[in-house]
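A.B. asks: Next come a sequence and a model predicted from it.
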Amino acid sequence: MRSLTTRVCKIFTLHRLNAVYCRCLSSNESRMPPCDFVPEKYQSLAYEHVAEVRKKNLFPALIPYYKKPLLLHQGHMQWLFDHEGQRYLDLFGGIVTVSVGHCHPKVTDAAKKQLDRLWHTTNIYYHSPLHEYAEKLTSRLPGKLKVLYLTNSGSEANDLAMHMARLYTGNYDVIGLRSGYHGASPYTLGVTSVSAYKPGVALGFGCHTTMCPDVFRGIWGGSHCRDSPVQTTRTCSCSPDSCEAKDRYIEQLKDTLDTSVAKNIAAFIAEPIMGVGGVVQYPKGFLKEAYELVRERGGLCIADEVQTGFGRTGSHYWGFQSHDVTPDIVTMAKGIGNGFPMGAIVTTEEVAASLTRSLHFNTFGGNPVACAVGSAVLDVIEEDALQDNCNTVGNYLLLELSKLREKFEIVGDVRGKGLMIGVEMVTDKKTQRPLPVVELNVIWEHCRDLGVLCGKGGLYNNTFRIKPPMCITKEDADFAVSVLEAAITKYLDTAAR
């Protein structure tokens, strides 16, 4: 009798929770914003066939998202459509890669026109798309950063940047930040400081890391440290013109310079805001002082703008600009081509000349189609005022998400700038213990069920990475927040059963 009563109570509780969830789904706050785009009917491989091919013919290292992986069919601006026509708000942009919108008509048209004219030739010949793009892109960088080298990816760009720094300085040691990610090539794995990416073989010689200046999870930090409309909940006793956290993390970098590397170094590489590392923002002034220390040791400063570049942070076109620094080398990828595979390095004439010591060649760098696409992306960012949109919608979204931090004990931190946002999940605010991945995944799956796709990251994989196409609207932001709130509520209600 007792067993039957328990079962009845569980069934009643489940029905009650589902009813609450359904009411939330039907509320105005959780309705998906309208979209007048109608996708084509999917007529390709059956889902089961795709799953079988994935299992038999693709590397097992390629792990798809979600318990039932999405079979995506079509994209339009901030929207993705699966093989059944289901629409999703894309808050991850193909891992921060779709900058101006899926299949943006101007970018698509530029690619089509170039495909009809010339698919491929290498940089051993003159061709207009390469030279037009070189002039257009470098005009958007300050100072002496005027010399361009095109690659195929961000990993390749960072790899080459490290190589050039070693050639130019004659030094070998490169320093990065712990929790940083710069790629998975042999060189960049040395400064990619997340153990999950380390294969356990000899790679990345001469690379060292210093403490990550994370003002939320790190040792030091307070409520005035970040260049963001949302600060940590830690108290901060610093005066307006000083930052104790910045000073402490700089001391850690000094210690690394004094103990772990040679007297003269080749380079320091850092993202203006960490991407894969969980949207970590440094104390204001940290990067500026770090650059000064590195240059005192003969090193070059490399800004990894693979995720922060092209207006995503809102206040500036490049992430490094908000730190009041000018790097010696800037690396780019992802949003540079709105999903078209390309990357780039921009540096000075002096540093670029170091690569002439030996023959260096890239077959696809500067491909005519890539250059046409990249040029169209630059135009669209300006014509559609996407940097301003990142600033307006991004800051609005940050402030709305911060209300969830106030409401839920498991929302530990909300941070970021523009449309580069992280929501770090914890078991409780007092201990700040990371929410286990298996539990975070429950919320993440709920979001997908409600029509929102977002990423995951951070050292403990407990941070939601929200970095959508830069064309999203305030209406989309409201929808995203309501979905995340509903997903967290369902998770907490289910956990309380």
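C.D. replies: All right, it came through fine. Residues are numbered from 1 along each chain as shown.

A.B. asks: Contact partners for the residue positioned nearest the centre of the chain?
C.D. replies: Centroid-nearest residue in the chain, with Cα atoms, centre = their mean: Gly275, separated by 4.0 Å. Gly275 makes contacts with 96, 181, 306-308, 420, 457, 465, 467, as judged by Cβ atoms under 8 Å, 6 or more residues apart in numbering. From N, CA and C alone the C-beta is placed, and that goes for glycine too.

A.B. asks: And for Leu397?
C.D. replies: Applying Cβ under 8 Å, 6+ apart, we find Leu397 in contact with 419, 421, 466, 477, 480-481.

A.B. asks: can you give me how far stretch 99-114 is from the chain middle?
C.D. replies: In this view, stretch 99-114 has its centroid 22 Å away from the chain centroid, taken as Cα atoms, centre = their mean, to the nearest Å.

A.B. asks: same check, this time on stretch 455-471
C.D. replies: The answer for stretch 455-471 is 7 Å, by Cα atoms, centre = their mean.

A.B. asks: Now do Asp247 against Gly285, distance only.
C.D. replies: For Asp247, the distance to Gly285 (Cβ to Cβ, to the nearest Å) stands at 9 Å.

A.B. asks: more neighbours, those two?
C.D. replies: Higher neighbour count among Asp247 and Gly285: Gly285, with 18 against 15, using other Cβ atoms under 10 Å.

A.B. asks: Can you tell me the closest non-neighbouring residue to that one?
C.D. replies: Spatial nearest neighbour of Gly285, chain neighbours left out: Lys246 (4.9 Å); criterion: Cβ to Cβ, 6 or more residues apart in numbering.

A.B. asks: same deal with Cys243?
C.D. replies: Nearest residue to Cys243, sequence neighbours excluded (Cβ to Cβ, 6+ apart): Pro283, at 4.9 Å.

A.B. asks: Count residues in the vicinity of the one you found, would you?
C.D. replies: Around Pro283 there are 27 other residues, counting by other Cβ under 10 Å.

A.B. asks: Test my guess that it contacts Arg226.
C.D. replies: Yes. If you go by Cβ atoms under 8 Å, Pro283 and Arg226 touch, sitting 7.4 Å apart.

A.B. asks: Going by neighbour count, list what's buried in stretch 186-193.
C.D. replies: By 16 or more other Cβ atoms under 10 Å, the buried positions in stretch 186-193 come out as 187-193.

A.B. asks: Reformat these as TSV; add secondary structure.
C.D. replies: Listed next are those as TSV, based on DSSP: H, G, I helix; E, B strand; the rest coil:
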residue	secondary structure
Tyr187	coil
Thr188	helix
Leu189	helix
Gly190	helix
Val191	coil
Thr192	coil
Ser193	coil
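
A.B. asks: In a markdown table, list those residues along with pLDDT.
C.D. replies: Formatted as a markdown table, the buried residues of stretch 186-193 follow (pLDDT from 0 to 100):
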| residue | pLDDT |
| --- | --- |
| Tyr187 | 88 |
| Thr188 | 95 |
| Leu189 | 94 |
| Gly190 | 94 |
| Val191 | 96 |
| Thr192 | 96 |
| Ser193 | 94 |
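
A.B. asks: quick one, phi/psi of Met332?
C.D. replies: The phi/psi pair for Met332 (degrees, to the nearest 10) reads phi -140, psi 160.

A.B. asks: ok now do it, which residues does it touch?
C.D. replies: Applying Cβ under 8 Å, 6+ apart to Met332 gives the contacts 154, 157, 305-306, 309-310, 343-346.

A.B. asks: What of Ala496?
C.D. replies: For Ala496, the contact set (Cβ under 8 Å, 6+ apart) is empty.

A.B. asks: Check the gap between it and Cys371 for me.
C.D. replies: Here Ala496 is placed at a distance of 55 Å from Cys371 (Cβ to Cβ).

A.B. asks: picking that back up, who touches both of Pro283 and Arg226?
C.D. replies: Val215.

A.B. asks: The stretch 351-497 of the chain: strands as residue ranges?
C.D. replies: Using DSSP state E, counting those that start in this stretch, the strands of the stretch 351-497 of the chain run over residues 411-417, 420-425, 452-453, 455-457, 463-466.

A.B. asks: Switch those strands over to a markdown table; also include distance to Ala333 and mean pLDDT.
C.D. replies: Output for the strands of the stretch 351-497 of the chain, formatted as a markdown table (distance: least, Cβ to Cβ, whole Å; pLDDT from 0 to 100):
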| stretch | distance to Ala333 | mean pLDDT |
| --- | --- | --- |
| strand 411-417 | 20 | 98 |
| strand 420-425 | 15 | 98 |
| strand 452-453 | 21 | 98 |
| strand 455-457 | 16 | 97 |
| strand 463-466 | 17 | 98 |
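
A.B. asks: got the ones you listed as TSV, with distance to Leu177 and mean neighbour count columns?
C.D. replies: As requested, the strands of the stretch 351-497 of the chain are arranged in TSV below (distance: least, Cβ to Cβ, whole Å; neighbours: other Cβ atoms under 10 Å):
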stretch	distance to Leu177	mean neighbour count
strand 411-417	16	27
strand 420-425	16	27
strand 452-453	28	24
strand 455-457	15	21
strand 463-466	16	27
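
A.B. asks: These into CSV, with extra columns for distance to Met164?
C.D. replies: As requested, the strands of the stretch 351-497 of the chain are exported to CSV (distance: least, Cβ to Cβ, whole Å):
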stretch, distance to Met164
strand 411-417, 29
strand 420-425, 27
strand 452-453, 37
strand 455-457, 28
strand 463-466, 30
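
A.B. asks: right, so of those, which gets closest to Val174?
C.D. replies: Nearest to Val174 among these is strand 455-457; the distance by Cβ to Cβ comes to 22.8 Å.

A.B. asks: So for Thr473, what's the pLDDT?
C.D. replies: The score at Thr473 is 98. That number is its pLDDT.

A.B. asks: Please apply the same query to Ala165.
C.D. replies: Predicted confidence (pLDDT) for Ala165: 98.

A.B. asks: where does it land in three-state SS?
C.D. replies: With three-state DSSP as the basis, Ala165 sits in helix.

A.B. asks: so which of the strands of the stretch 351-497 of the chain comes closest to Tyr133?
C.D. replies: Closest to Tyr133 of the strands of the stretch 351-497 of the chain, according to Cβ to Cβ: strand 420-425, at 24.5 Å.

A.B. asks: Point out the other helices and strands that that closest one packs with.
C.D. replies: helix 386-407, strand 411-417, strand 463-466 (3 or more Cβ pairs under 8 Å, 6 or more residues apart in numbering; DSSP states H and E).

A.B. asks: Touching it from outside, list them.
C.D. replies: If you take Cβ under 8 Å, 6+ apart as the criterion, strand 420-425 is touched by 96, 216-217, 273, 275, 278-280, 307-308, 312-313, 394, 397-398, 401, 404, 410-416, 434-435, 440, 443, 457-458, 462-467, 484.

A.B. asks: Perfect, I'm done here.
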